[in-house]
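Q: This is the structure alone, sequence omitted:
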């Protein structure tokens, strides 16, 4: 159960990226009239970018939350939303 708790948030978050990768790889060659390898390369860059954006946004949220808890009364609050 410990391994599932560690990797589950990553795999759940990667579902939209995986669906995007498959969609771009399958549909873009015919829609944009490009080579299949180029569409799959583009798809992987987009998927990795989505993953990194998701991880960074979660990290920023937790940083803002801890900042607000640390400086409750002293400083202006960081936006958490």
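A: On my side now, so go ahead. Bear in mind that the values here come from a model prediction, so they are computed numbers and not experimental data.
Q: gap between residue 72 and residue 50?
A: Per CB to CB, to the nearest Å, residue 72 is found 34 Å from residue 50. (C-beta placed from N, C-alpha, C; glycine too.)
Q: sorry, that was for residue 68
A: Using CB to CB, residue 68 is found at 27 Å from residue 50.
Q: so residue 29 makes contact with residue 35?
A: Yes: counting by CB atoms under 8 Å, residue 29 does reach residue 35; the two are 6.8 Å apart.
Q: and the gap between residue 59 and residue 35?
A: From residue 59 across to residue 35, the span is 36 Å (CB to CB).
Q: Please read the previous query as pertaining to residue 23.
A: On the measure of CB to CB, residue 23 and residue 35 end up 17 Å apart.
Q: for this structure, which spans come out with low pLDDT?
A: Applying pLDDT under 70 to the chain flags the ranges 1, 80-81.
Q: so residue 76, which of the three states?
A: Counting by DSSP: H, G, I helix; E, B strand; the rest coil, the backbone at residue 76 sits in coil.
Q: dump the residue contacts of residue 22.
A: By CB atoms under 8 Å, 6 or more residues apart in numbering, the contact set of residue 22 is residue 43.
Q: any idea how far it is from residue 43?
A: Separation of residue 22 from residue 43 (CB to CB): 8 Å.
Q: got it, and residue 66?
A: Distance from residue 66 to residue 43, by CB to CB: 35 Å.
Q: Which one of the two is surrounded by more residues?
A: In this view residue 66 and residue 43 are compared by other CB atoms under 10 Å, and residue 43 has more residues nearby, 20 against 11.
Q: If anything else comes up later, I'll come back, but that's it for now.
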